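**Student:** No sequence on hand, only this structure:
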């Protein structure tokens, strides 16, 4: 019963967000990394159709046989797929057809979900719901990217500002040196990349119980932070030169005043609000500027219970690599996490765009060092 | 009255074509050269608003002040503009808003059109209607490109095959050497690039009164035409290597049988139908293969009265350059044709996608030597 | 005897130029279009070995069997070849080996040249010598490009300024309208692209008997010529924006004074000297700025006997296309000219870098509209 | 005295390697990452001139003031510099001039080296010699890359095979779980990135005391290792698709037999020799294929004393990140290591191309996951 309720609640939440979109908003793709809304809606549905409905009923008739090709994201084991930067080339199937697809699959799922007893299938449904929640967050970030790069800077919805939160704590937390246990040990869902519980030795450290604010970052900008190569990693310095980057994503200086695009429209920057849309390279340069550093993902996890968190995905100074004993699941779902373990940095926490109950102390998010369209922020360690 | 009727007829024809589109079809841009349908609808309307309504009424209130920036195509004199390959990044303004924009401008235009007496303004309205007709053809070719590159190969409308026509004549026409007069000499509209009436000396020639067929071109393919560099211009050879081109655009070999995508869906190729969607480089290689050549634009114009034509834009072997005495009009409309006079080849004729009454013996169309998404074909000269 | 003397004189002239080079200068390739000196020396030698020595003696033993692959330029009929932008990747064979290759082939050629009676072979030797002279000019332009892009701006030789010449005439020449005959009609060598003698009708025109000077062009720059898009062809405008071009190639503004790099080193610009290193796009924009135009290649050829010329390759407003009746020679030498007839503009005249006796009234040189590293200039027509 | 002897020995060793080069070999640059030999010779010399000679004598007259610009590699603090991929564009200064530059700086250095008492300067000299040794190895790898990409595959020297070594041990070594100390603790030189001695907890592991052989890797190839995406990291899979990679660098299949290019020329592959020229992505895929994994850099360092090593730089599964407490040195030498700490993987060990005495148990080498031109290999852990 709980699973069925979760299924309904989570699937409905995806649609609720979409109510603010025009039909055209579902179709276009502005950057390779930001998939069309239509694609997110279909891909998450394809997951349930492919890994649940087709699995439990060999006679299951696909809603449309083409969709396996169109809406597979990167599961090479499941067949050929549309390349990511071509997703915006498909005006058809229409958004309405995708909504019908969702209804079709939801009806089939809800008809059977209570009767499933095979734990492996139940686990896959839970995984599908977690997957849907991940795509809910991507929907938010991809829609923001699309509208935030439209010359009109259109408002998505007045209720979706998402970047106005402020720090509630202003102290730091000390942790003693020692051997700690890392990884998911509790009951309940987690991703494969959190397993492989293992020990790490961590020296003592003192971590801020607050995030860097817009005011802090404007200090960095005004002190010439973007023009002093001593603060930057070599690749970061090349990147800001090439891309002519001199402020966080979505920031615009208008009449000598910093503004930012939010889903509630263009606004003057709230100096006390927590900084958002920052790359690892900028986070690292800022830390160097402050003579501090980013935490490792282990420090973060050890301190997590004492920290306020949940406003931003917080860049750590840990590369995204397998935990000792990491084992890839068999088949297509084994492609979920492990194969991305190169040239990514780990982010910990959760953001104001993250779906409710979709994070944990042990959750390992990961992005490239230049990615900025997620709701990312900075926490420092002395 | 005639102008008003023309205005209504031509503006309505644009919308009629669009009835076959889904909303998403209006928004996306699949290639730099193929603008979104929404953009065509707005840009042609912007032309009337900018060059007529704002010109005749200094108090005219724009439908939306942003549209001047969004829907200017390449008129540098009118202000900054959205780059061509970013047109597909704008989900807003919505298609519905663009339709309202059209209605708004049409109402204003129809309210005043009969009372305009300034010949300069009337000429600009006529230019605006010719411009609308050009974009009607681009709408057809751009929509075909979008749907023809969708993995589903969706049908636009069963009534829009457009590539099934066959030759009616099968002979050739001889023309004697001599000095001929070239350029638009009659009354009625023409573009600035057709003016500059001048004499050319042309040697005697014999031109086919029929176009190359699909059957002819399959002979070329099967004889290894795409693999024999002796047939190709150097840039053409590099281009087919780089792009892995081995058939006209939209052709697919399925179960050893040639098919092509048409706006009426995927079909077996009609061997007797006239070849379509061919680049200059392919046209030139085919001519070399047949020990013939493409006509010059002058030969074509001289023979035009005796020729059947109107099925395809026919590649000539003439570069698109100014006629002697070519003068660029002042202001933004002077940017219409002249500035494109480099690295383009002239096409003569008209295609099955060309709007009614939108061509002349003297009409000079022009595209790059690699362009294939227009309804282009081949006529040969001995 | 004359042929033998010519052979010796021309082959020796190539080496004489090279005496000013360091060994390293022979090896590197700074741009795709500017081949290493070593490659020019070998390629011209390969021509004689391949088309003469191997042709007249079936038992001829190649100096090195690999050279056919390494030093073929673009003769697809002769076998595979090293791509043009990889020529600079070959430090071996060494320059000394190439000089030995030249000596080897020269010895073989001089041993047989007087005894050859087959006119086809004699014609190929003459073609080989013309080919060597073309590469002599390319040696000059490619070496200038290499040294002119070295941060040290090293001097090649004090005696090789090459850009100091001034106009001797200052009037213009009128020519009456009529049908004229174009193409090579005299005895003596010409390229295949000059054949196809044919008539053209040309309206009356008045052509300057002088070239544009550096002073004239500085006027254009100071009047904002590079920033007024109305003066530019659309592709030219994009090109100067992308490449940030605001002066002719090799010009540097130092302490508010224009200088240029010459093969004799960096110098203050001589205002009265004839402008050099200019693209077609810049030539066309300059002509528009002066309310004049570039001549067609036919006008140029008709007026040539009355004109001073020979200082610069002069951009015409004619695209490089085949003359009526143009026939490609069989075999590899047929690849010499015809296959380049797309997206190039014709230049007429000769430059201060052109080898003695290597031009004619009917000579058709051709380059892309953006090419500037040749010794190009501007002559205008009213 | 010892420092002076080291200086002479190490500087002489650089020249000894170069005796096998033709002058042209010093000048060209075949890939962005492989600098010209001439540049290595000058850059290492520039280090001594800039950080020692100019530091200890304020009146020191530079050999050539331009060299600071030309031969600075990436020390942003020292001034502007020639971009890495433009180093091959400089035929001048000539190789002979560079040799004179070396003699000049060596004479000055040897005249003063014994009299220097300032430990900071002595440390910089030692750093300069370590730096010279690093570039000695880069000279080997860059020259191999240049000659190995020449169509002639020329032999460098018969005595420089470098890839023929075989494993001497065939067992594995077990290490118990526990907290270990990592980092450079002994006396003697080390790089800043080895400092920050710290503890790590490592679980028990068993590491091979031998490297993967060519025979092992051919098994992988023949089992379809390059075509099974399940073995690959996502970026690695894209990379081998894009680059059409299906064997280690320098491998050629000739007449169905694997060969490789060595500095001693093209040879049949020695099946028992240790694999070389492999990327991290290939190493990782191979490990997955064998159901093993790469060691972390900590495991490697802990086991190092019991391991045979020194044949290859061995890919670890550790990202190159700062040790706890890592501090960047002030000034230009602070740019030596720290700024490269993103998107690189650590390699441990040393290779047959590494200069004598130029490695340590704690040495942290680092390259991108796609780099293959170094002498890299694979050691596995259970």
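**Tutor:** Now that the structure is in, tell me what you want to look at. All values derive from a computational prediction rather than experimental measurement.
**Student:** Do me a favour and average the pLDDT over the helix or strand in which residue A:283 is found.
**Tutor:** Using DSSP states H and E, residue A:283 sits in helix A:280-289. In this model, helix A:280-289 carries a mean pLDDT of 98.
**Student:** Is the very next helix or strand once past that helix positioned near chain D?
**Tutor:** Going down the chain from helix A:280-289, the next helix or strand is helix A:297-303, by DSSP H and E. No: Helix A:297-303 is not in contact with chain D by C-beta under 8 Å from any C-beta of the partner chain; minimum separation 9.7 Å. In this view, the C-beta of every residue, glycine as well, is placed from N, C-alpha and C.
**Student:** residues contacting the residue in chain A positioned nearest to chain D?
**Tutor:** Distance from chain D to each residue of chain A (C-beta to the nearest C-beta) is smallest for residue A:319, at 3.2 Å. The neighbourhood of residue A:319, defined by C-beta atoms under 8 Å, 6 or more residues apart in numbering or on different chains, consists of A:344-346, D:319, D:321.
**Student:** Does the helix holding residue A:283 pack against any helices or strands, and if so which?
**Tutor:** Under the contact definition 3 or more C-beta pairs under 8 Å, 6 or more residues apart in numbering or on different chains; DSSP states H and E, helix A:280-289 sits against helix A:214-222, helix A:234-243, strand A:313-319.
**Student:** do that again at 10 Å, thanks
**Tutor:** Packed against helix A:280-289 by the contact rule (3 or more C-beta pairs under 10 Å, 6 or more residues apart in numbering or on different chains; DSSP states H and E) you find helix A:214-222, helix A:234-243, strand A:313-319, strand A:345-349, strand A:376-377.
**Student:** What helices and strands are in contact with the shortest one?
**Tutor:** For strand A:376-377, the elements it packs on are helix A:280-289, strand A:313-319, strand A:345-349, judged by 3+ C-beta pairs under 10 Å, 6+ apart.
**Student:** So in that sheet, which strands flank the last one, and in what orientation?
**Tutor:** Strand A:345-349 has its sheet partners listed here by DSSP bridges as strand A:313-319 (antiparallel), strand A:365-367 (antiparallel).
**Student:** average model confidence for the longest one?
**Tutor:** The predicted model gives strand A:313-319 an average pLDDT of 98.
**Student:** what angle do that strand and helix A:280-289 make?
**Tutor:** Counting by axes from the mean of the first three to the mean of the last three C-alpha atoms, to 10 degrees, strand A:313-319 lies at 80 degrees to helix A:280-289.
**Student:** Now find how far off-centre strand A:313-319 is within its chain.
**Tutor:** Centroid separation for strand A:313-319 versus its chain: 13 Å, with C-alpha atoms, centre = their mean, to the nearest Å.
**Student:** do stretch A:36-54 as well
**Tutor:** Relative to the centre of its chain, stretch A:36-54 is centred 18 Å away, using C-alpha atoms, centre = their mean.
**Student:** same deal with stretch A:277-293?
**Tutor:** Here stretch A:277-293 shows a centroid-to-chain-centroid distance of 20 Å under the convention C-alpha atoms, centre = their mean.
**Student:** want to throw the helices and strands packed on strand A:376-377 into JSON lines with distance to residue A:364?
**Tutor:** Formatted as JSON lines, these follow (distance: least, C-beta to C-beta, whole Å):
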{"stretch": "helix A:280-289", "distance to residue A:364": "15"}
{"stretch": "strand A:313-319", "distance to residue A:364": "9"}
{"stretch": "strand A:345-349", "distance to residue A:364": "5"}
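**Student:** Nearest to residue B:209, out of those?
**Tutor:** Residue B:209 sits nearest to helix A:280-289 of all the helices and strands packed on strand A:376-377, at 66.2 Å, using C-beta to C-beta.
**Student:** I'd guessed residue A:357 sits against residue A:310; true?
**Tutor:** No: taking contacts as C-beta atoms under 10 Å, residue A:357 lies outside contact range of residue A:310: 11.0 Å.
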